[in-house]
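please find the sequence and the predicted model below.
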Amino acid sequence: GTRIAVLGDLHLDPREMDGFHECRAHVVKHLDAAATSHVVSLGDLGGKAEGAEPGSQKCFNLAKEFLEGFGRPYDLVTGNH
């Protein structure tokens, strides 16, 4: 069957992406071990970082790059920012 990973409220901050990438690498190991084929991100994508404000193109680009790093298809059900 299909296995889906659900992520909630990423609140990505471009100033702290090293930590986000480290966490993603840890999660990917578990997704691979469980043969997870899809990721769904629920809730807020961005934080409050100047220049990457929630809802901005830079915020969406940051989220796109981050989610593509999971190496599997993904969908968004966004929050209020």
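Nice, thanks for sending it over.

what about residue 27, helix or strand, and which?
Using DSSP states H and E, residue 27 sits in helix 17-33.

what of residue 64?
Following DSSP H and E, one finds residue 64 within helix 57-68.

residues of that helix that come out buried?
Judged by neighbour count (16 or more other CB atoms under 10 Å), helix 57-68 contains these buried residues: 59, 60, 62, 63, 66, 67. Where C-beta positions appear, they are placed from N, C-alpha and C, glycine not excepted.

so the fourth one is in contact with residue 46, correct?
Yes. Here residue 63 lies in contact with residue 46, judged by CB atoms under 8 Å, at a distance of 7.1 Å.

between those two, which contacts overlap?
10, 12 (CB atoms under 8 Å, 6 or more residues apart in numbering).

ok, the closest residue to residue 58 other than its chain neighbours - contacts?
Spatial nearest neighbour of residue 58, excluding adjacent residues (CB to CB, 6 or more residues apart in numbering): residue 52 at 4.5 Å. By CB under 8 Å, 6+ apart, the contact list for residue 52 reads 12, 13, 14, 46, 58, 59, 62.
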